[in-house]
Every structure is written in C-alpha cells, then in structure tokens.
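[1] Got a predicted structure plus its sequence, pasted below:
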Amino acid sequence: MYDAADTDKQGEPSDTDDRNCWGRVTKLALVAGALALLAVEPVSAQSTGSAFCDTDMADTIRNLFTLIQFGGPLVGGLVALGATVTIPLIRRADTKKELKSMRVQGVLWGVIVAPLATTILQFLLTSVVAGGSSCSF
C-alpha cells in the first residue's frame, strides 16, 4: 500500500501525505476566496452611476483625452514637418535615413495612432467602466 519512500524509519506512513492534503485545501480555499472577491466587486461597482462623472478621476481622464487628441497630432506633425524641412539641408546619407525614419514615425504616431488610441480608450471607458456611459468622454 505504501512505497518504501513513503515510510519512516519505524515503517509507518510519513506526514508528507497529510501536508500535501492540507496544502491543497489551503490553495483551494485561497482560490475560492479570490474568486469570491472578484465576482462580488464588479457588482458593487455598478452602483456608482453618474456619481463617477463628478470625481477628480473623470476630470483627469477628460484632460488625458484632450492631451492625446490635440497634443499627439501636433507633436507628430511638428516632428514630421521638421524632418521633412531638414532632409534637403543634410549631406550625410545615414543622417538623411534617420530623418526619413523620424518623419514616418511622426506621421504614424501623431496622425494615425493618437486619434485611434483616443477612440479605443473612449470605447473602453463608456463600455467597460462602471458609470462611464453616463459621462461625456
């Protein structure tokens, strides 16, 4: 019934089986407790409603949206325009290659990614965050 590895010097079963059993029970209890907390929290968060719109967090999110919407294309366009104007003035080929890469990255991140990121964040906040749909992000 017991292997030779599972017995002590006296021939009795070792305590490792009992420890493994309690270790499994402890892990199971921790997982069940964590799931209970996670399953309850979203339900309690649903009750905030429009009170979220008046918080400092909502103001911070609005400011972040404004910064991304207007600052991203402004900085990206400025970098792209500066690189485009500087390319004819530079003689070294490796520097020109870096400036062309900088121009492409300015257009890509400033004109494409920044407006797309604000749209994705706006969707997440209105659809996922509790109380976000009642705010005008």
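    Structure received. Numbers count the residues shown, from 1 in each chain.
[2] residues in contact with the closest residue to residue 103 other than its chain neighbours?
    Nearest residue to residue 103, sequence neighbours excluded (C-beta to C-beta, 6 or more residues apart in numbering): residue 83, at 3.9 Å. Every C-beta, even on glycine, is put in place using the N, C-alpha and C of the backbone. By C-beta atoms under 8 Å, 6 or more residues apart in numbering, the residues touching residue 83 are 99-100, 102-103, 106.
[3] Show me the protein divided up by domain.
    4-45, 49-134 (automatic domain parsing).
[4] Those: lowest mean pLDDT?
    Looking at the domains of the chain, the lowest mean pLDDT belongs to domain 4-45 (a mean of 61).
[5] Could you check which helix or strand contains the closest residue to residue 87 other than its chain neighbours?
    Distances taken as C-beta to C-beta, 6+ apart place residue 99 nearest to residue 87, at 5.1 Å, with adjacent residues excluded. Using DSSP states H and E, the element containing residue 99 is helix 93-107.
[6] elements contacting the helix or strand following that helix?
    Sequence-wise, the next helix or strand downstream of helix 93-107 (DSSP H and E) is helix 114-127. Here helix 114-127 touches helix 56-66, helix 72-86, going by 3 or more C-beta pairs under 8 Å, 6 or more residues apart in numbering; DSSP states H and E.
[7] Show me which residues of helix 114-127 are buried.
    Neighbour-count burial for helix 114-127 flags 114, 118, 122, 125 (criterion: 16 or more other C-beta atoms under 10 Å).
[8] Please look at the residue nearest to residue 87 and residue 85 and confirm they touch.
    No: Residue 99 is beyond contact range of residue 85, at 9.7 Å (criterion: C-beta atoms under 8 Å).
[9] higher neighbour count, these two?
    residue 99 (18 against 11; other C-beta atoms under 10 Å).
[10] ok, the more buried one - contacts?
    83, 86-87, 90.
[11] from these, which is closest to residue 55?
    Nearest to residue 55, judged by C-beta to C-beta, of these is residue 83 at 40.9 Å.
[12] Cool, thanks, talk later.
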